[in-house]
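Chemist: got a predicted structure plus its sequence, pasted below:
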Amino acid sequence: MPKSMSVVREAIAGDEADDAMAEREAAGQVAAGRKVLPIVEGVVLVAALLAPLVLQDYLTVFATRVIILALFALSFDLVWGYAGIMSFGQALFFGSAGYGVALLARDLDITNIFLVLPAGTIIGLTFALLLGGFLLLGRHPSSVIFVSLGTLTGSYAADRLARGWYYLGGQNGIPSIAPMTLGGYEFSEGPAFYYLVLGILVVVYLLCRFLVRSQFGLALAGLRENEQRIAFFGYKAQHLKAIIFTIGGGVAGLAGSLYAFHEGFVWPNMVGVVVSTQVVLYVLFGGSGTLIGAVIGAVIVEGVSFWLSDNYRDIWPIILGLLLLLVILFRPLGLISFVPGERERVGSFGAKPKEKRNAAP
């Protein structure tokens with residue numbers, strides 16, 4: 001295992017990176033104990049825990065929706081920020097899971113949280129596996145443009161299918177979904193639903209953090225930086241992409257299930273191109289490849305949109321578009337790039353360099 005990790009590290013660094021990396025590591029020894037991202041994560045978590053105590057009821061409902069969308073953004077950050085897969089069809093997994101649990105509630109009267117949330121996750125996984133297998137596991141490696149257009153086409157086709165299928169409610173979607181239940185308790189809009197969604201987001205976030213800091217995450221980092229080198233060292237790059245693409249679909253499916261029960265209805269836009277583009281903007285604005293950047297991006301974009309639409313009803317989309325454009329132009333790595341350095345964004349893998357030098361004779 002350590003040998004494999006060193007091979008991938010070489011793939012990421014490149015031919016001329018040995019001396020440069022040694023210098024960066026030597027300089028980084030001083031700041032090794034001063035990690036910035038955990039502080040940001042802690043501040044965001046504390047703010048989220050205290051939010052319902054200070055927000056009005058209608059804002060708590062809005063905050064619950066934002067946290068669900070942050071979970072959705074997390075799924076896209078896994079796919080793009082860590083594997084370099086530009087998916088313009090992430091809403092396909094989000095919306096298909098929402099439709100799936102809505103049908104379970106409408107036709108089979110299944111609303112138990114321990115049934116509908118796993119079902120939505122499996123639906124998202126399945127659709128991502130099928131689409132990812134078609135786009136990524138061909139005889140020849142797929143280009144970024146091919147995957148982007150393929151996912152975009154899948155999302156558009158799902159939108160048209162949902163609008164024309166009477167069983168799914170056509171243009172009107174499926175309204176009046178029964179509340180999600182736990183035994184005899186019904187989860188309705190308010191603090192209970194908020195803390196449920198927040199707890200799920202925290203658990204999924206920790207699992208994603210463990211994943212991207214593992215040996216698999218190191219391979220993904222190498223895949224994002226230099227796919228040809230990863231393939232040269234024997235890694236099946238397309239298989240790695242298909243795995244993370246499928247995992248991202250599962251997370252999106254979980255978010256879609258929660259969104260359906262929180263809003264009480266599903267509609268064709270949930271699987272369409274607009275929502276797929278929306279999640280891309282979340283991650284672009286907050287910053288890709290850090291997980292917490294996707295969460296912050298979703299919160300800021302939705303919060304600013306809410307405030308602008310309330311105060312500048314006629315021109316708020318223009319203002320929001322200009323704001324997003326300025327951030328993308330001047331901070332291509334997103335707002336999170338103001339905080340951590342590049343070393344912390346990529347992460348640390350394996351034994352610390354200092355420990356290795358002390359162990360050498």
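Modeler: Nice, I can see it.

Chemist: pLDDT below threshold where in the protein?
Modeler: 1-34, 340-361 (pLDDT under 70).

Chemist: try it again with 50
Modeler: Counting by pLDDT under 50, the ranges of the chain that qualify are 1-3, 7, 15-33, 355-361.

Chemist: from residue 45, how far out is residue 327?
Modeler: The gap separating residue 327 from residue 45 is 24 Å, by C-beta to C-beta, to the nearest Å. In short, each C-beta sits where N, CA and C put it, glycine included.

Chemist: more crowded one of those two?
Modeler: Neighbour count, other C-beta atoms under 10 Å: between residue 327 and residue 45, residue 327 has more, with 20 against 16.

Chemist: what about the more buried one, distance to residue 103?
Modeler: Distance from residue 327 to residue 103, by C-beta to C-beta: 39 Å.

Chemist: kindly report the same for residue 338.
Modeler: 44 Å.

Chemist: what does residue 46 give?
Modeler: Counting by C-beta to C-beta - residue 46 and residue 103 are separated by 38 Å.

Chemist: more neighbours: the two, which one.
Modeler: Regarding residue 46 and residue 103, a neighbour count based on other C-beta under 10 Å identifies residue 103 as having more, with 18 against 10.

Chemist: name the SS class of the more buried one, please.
Modeler: helix (DSSP: H, G, I helix; E, B strand; the rest coil).

Chemist: so for it, what's the nearest residue that isn't a sequence neighbour?
Modeler: residue 174 (7.2 Å; C-beta to C-beta, 6 or more residues apart in numbering).

Chemist: now that neighbour. Its backbone dihedrals?
Modeler: The phi/psi pair for residue 174 (degrees, to the nearest 10) reads phi -110, psi 110.

Chemist: give the contact list for it.
Modeler: If you count contacts by C-beta atoms under 8 Å, 6 or more residues apart in numbering, residue 174 has them with 99, 102, 103, 106, 168, 265, 266, 267.

Chemist: one more: residue 274?
Modeler: Counting by C-beta under 8 Å, 6+ apart, residue 274 makes contact with residue 91.

Chemist: name the element it belongs to?
Modeler: Residue 274 is part of helix 273-286, with elements assigned from DSSP states H and E.

Chemist: mind checking how far that helix is from the chain centre?
Modeler: 10 Å (C-alpha atoms, centre = their mean, to the nearest Å).

Chemist: on the C-terminal side of it, identify the next helix or strand.
Modeler: helix 292-311.

Chemist: report the inter-axis angle for that next one versus helix 273-286.
Modeler: Helix 292-311 runs at 110 degrees relative to helix 273-286, counting by axes from the mean of the first three to the mean of the last three C-alpha atoms, to 10 degrees.

Chemist: got the buried residues for helix 292-311?
Modeler: 292-302, 304-305, 308 (16 or more other C-beta atoms under 10 Å).

Chemist: show me what that helix is packed against.
Modeler: On a contact count with 3 or more C-beta pairs under 8 Å, 6 or more residues apart in numbering; DSSP states H and E, helix 292-311 meets helix 37-54, helix 57-76, helix 191-212, helix 273-286, helix 316-330.

Chemist: contacts for that helix, please.
Modeler: 37, 40-41, 44, 62, 65-66, 69-70, 72-74, 76-77, 81, 201, 205, 281-288, 316, 319-320, 323-324, 334-336.

Chemist: show me what the helix ranked longest in the chain is packed against.
Modeler: Longest helix of the chain, by residue count under DSSP state H: helix 237-263. Secondary structure elements in contact with helix 237-263, counted by 3+ C-beta pairs under 8 Å, 6+ apart, are helix 57-76, helix 90-107, helix 113-136, helix 191-212, helix 215-225, helix 227-232.

Chemist: and the next helix or strand after the longest one, what does it pack against?
Modeler: Which is helix 113-136. In the C-terminal direction, the helix or strand that comes right after helix 113-136 (DSSP H and E) is helix 144-164. Under the contact criterion of 3+ C-beta pairs under 8 Å, 6+ apart, helix 144-164 touches helix 90-107, helix 113-136, helix 273-286.
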